[in-house]
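Trainee: What shape does this take:
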Amino acid sequence: MNLDDLISEYADIEQALADPAVHADQQKARTLGKRYAHLRPIVETCRDLRQTGEDLTAARELAHEDEAFAAEATELEKRKEEIEGRLRTLLVPRDPSDGKDVILEVKAGEGGEESALFAGDLLRMYQRYAERVGWKTEIIDAHPSDLGGFKDVTMSVKGREGVWANLKFEGGVHRVQRVPVTESQGRIHTSAAGVLVSPEAEDVEVQIDASDLRIDVFRSSGPGGQSVNTTDSAVRITHAPTGIVVSCQNEKSQLQNKEQAMRILRARLLAQAQEEADAHAAAERKSQVRTVDRSERVRTYNFPENRISDHRVGYKAYNLDQVLDGDLGNVIQALVDADMERRLEERE
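Mentor: Down below sits the predicted model:
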């Protein structure tokens, strides 16, 4: 899709969102709203680029007559390059789940009660970060430990935009180095907790393309009324992409049998789609945390040095106390930027 198509789509969505009838369907309105929010910075940057290009052309023409405009043309050239770079970034294909809400799980690992306490610290860190950025959190399930931590806890995180886009990088093993409250001799211990992040699943909808169906009719057999064995009322439907075959002959008319067969086909496709979605989610979970082992860490929280380190991108800062209080923005941004660099390289 080129830029003109995106601008046209943006205008169409803007017009649709102004129609009260669209908001009667909340799901549709929400979907359009998220797409509109995604397109807005692209369209605004396009307009800015075009205006800057026109200003640059004018400045260059005037510079031939008056050298005073040469400096302005140079500034506009720099601005145009900066806007082009921003637009390239905006046009990088995004993760389809970026606009989704999140289910976040924290599980204690090695380290016993200390690990459970650390799991509680991580949960509070995410809750406070969510408060800072205006997201809503809700504890779905929790298994507290004896000292006030969590053996495991599951929380939903909801927001207008960017929940999965930011929290998806939190999945993995988080390692803590500190003196546990259970340690009487002041020795530093290392323990770990696992974080699992999943985009919140939406209802799986089944779309059946009529061109994917092969419908055969044949004569019914067995009990079923006078029409049995006298008319081609039985129906067999084959769904080409999946190879699923459904037959129905219980009804008296071909139309009724076709409707029943389609109901069965939709149910089978729905079950298959859900199984595939669950398998993908399971694979995502497995890739994030295979075992909550201290050696398989994505991040380390070092209390004696007040240091937080993300080992995937080499991020390091000495404000651990602030991060645990929800000031997680810089840590997440480092991961977002690294992911964007990778996507840009792949695109180019």
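Trainee: Return the helix or strand in the chain with minimum mean pLDDT.
Mentor: Of all the helices and strands that make up the chain, helix 254-288 has the lowest average by mean pLDDT, DSSP states H and E, namely a mean of 76.
Trainee: next structured bit after that helix?
Mentor: Toward the C-terminus, helix 254-288 is succeeded by strand 297-302 as the next helix or strand (DSSP states H and E).
Trainee: for that next one, packing partners?
Mentor: When contacts are defined as 3 or more CB pairs under 8 Å, 6 or more residues apart in numbering; DSSP states H and E, strand 297-302 packs onto strand 172-178, strand 307-310, helix 320-324. From N, CA and C alone the C-beta is placed, and that goes for glycine too.
Trainee: how much does it deviate in direction from strand 172-178?
Mentor: In terms of direction (axes from the mean of the first three to the mean of the last three CA atoms, to 10 degrees), strand 297-302 departs from strand 172-178 by 20 degrees.
Trainee: one step back: pick the most deeply packed of the helices and strands packed on strand 297-302.
Mentor: Mean neighbour counts were taken over the helices and strands packed on strand 297-302 using mean count of other CB atoms under 10 Å, and the top value, a mean of 23, falls to strand 172-178.
Trainee: what pLDDT, on average, does that strand get?
Mentor: Per-residue pLDDT values across strand 172-178 average out to 93.
Trainee: Can I get that strand in CSV? Just the C-alpha atoms.
Mentor: Backbone C-alpha positions of strand 172-178 (Å, rounded to 0.1, in the frame of the first residue of the first chain) are rendered in CSV as follows:
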residue,chain,number,x,y,z
GLY,A,172,11.9,-13.9,30.1
VAL,A,173,13.8,-14.7,33.2
HIS,A,174,14.5,-11.8,35.6
ARG,A,175,17.4,-12.3,38.0
VAL,A,176,17.8,-10.5,41.4
GLN,A,177,20.9,-10.1,43.5
ARG,A,178,20.4,-8.9,47.0
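Trainee: okay, the angle between that strand and helix 254-288?
Mentor: In this structure, strand 172-178 runs at an angle of 30 degrees to helix 254-288, with the same axes, to 10 degrees as the basis.
Trainee: Okay, now the sheet partners of strand 172-178, with direction.
Mentor: Sheet pairing for strand 172-178, assigned by DSSP bridges, gives strand 189-199 (antiparallel), strand 297-302 (parallel).
Trainee: From the chain's centre, how far out is the least confident helix or strand of the chain? Work that out for me.
Mentor: 21 Å (CA atoms, centre = their mean, to the nearest Å).
Trainee: For it, name the packing helices and strands.
Mentor: Contact partners of helix 254-288 among helices and strands, from 3+ CB pairs under 8 Å, 6+ apart: strand 189-199, strand 234-239, strand 244-248.
Trainee: Quick check: bridge partners of R299?
Mentor: Here R299 sits in beta bridges with H174, D310, going by DSSP bridges.
Trainee: coming back round to it: compare the helices and strands packed on helix 254-288 and give me the one nearest P304.
Mentor: In terms of CB to CB, the element of those nearest to P304 is strand 189-199, at 11.3 Å.
Trainee: quick one on the thing from earlier: make JSON lines out of the helices and strands packed on strand 297-302 and add distance to L32.
Mentor: Written out in JSON lines, the entries for the helices and strands packed on strand 297-302 read as follows (distance: least, CB to CB, whole Å):
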{"stretch": "strand 172-178", "distance to L32": "34"}
{"stretch": "strand 307-310", "distance to L32": "36"}
{"stretch": "helix 320-324", "distance to L32": "36"}
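Trainee: Show me what counts as buried in stretch 156-164.
Mentor: Of the residues in stretch 156-164, 156-157, 159, 163-164 count as buried by neighbour count, 16 or more other CB atoms under 10 Å.
Trainee: Okay, and which of these map to strands?
Mentor: The strands, defined by DSSP state E, take in 156-157 from these.
Trainee: and of the buried residues of stretch 156-164, the nearest to I244?
Mentor: W164 (31.5 Å).
Trainee: Quick check: the gap between the closest one and K28.
Mentor: As for W164, its distance to K28 is 21 Å (criterion: CB to CB, to the nearest Å).
Trainee: mind checking pLDDT for V292?
Mentor: Reading off the per-residue confidence, V292 sits at a pLDDT of 52.
Trainee: typo on my end, V206
Mentor: In this model, V206 carries a pLDDT of 69.
Trainee: same thing with M1?
Mentor: 59.
Trainee: Using TSV, lay out the buried residues of stretch 156-164 together with distance to M340.
Mentor: Shown next, in TSV, are the buried residues of stretch 156-164 (distance: CB to CB, whole Å):
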residue	distance to M340
S156	26
V157	22
G159	20
V163	17
W164	15
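Trainee: ok, so of the buried residues of stretch 156-164, who is nearest H23?
Mentor: Within the buried residues of stretch 156-164, distances to H23 taken as CB to CB reach their minimum at G159, with 19.8 Å.
Trainee: Not counting residues beside it along the chain, what's closest to the closest one?
Mentor: In space, and not counting its chain neighbours, G159 is closest to W135: 3.8 Å by CB to CB, 6 or more residues apart in numbering.
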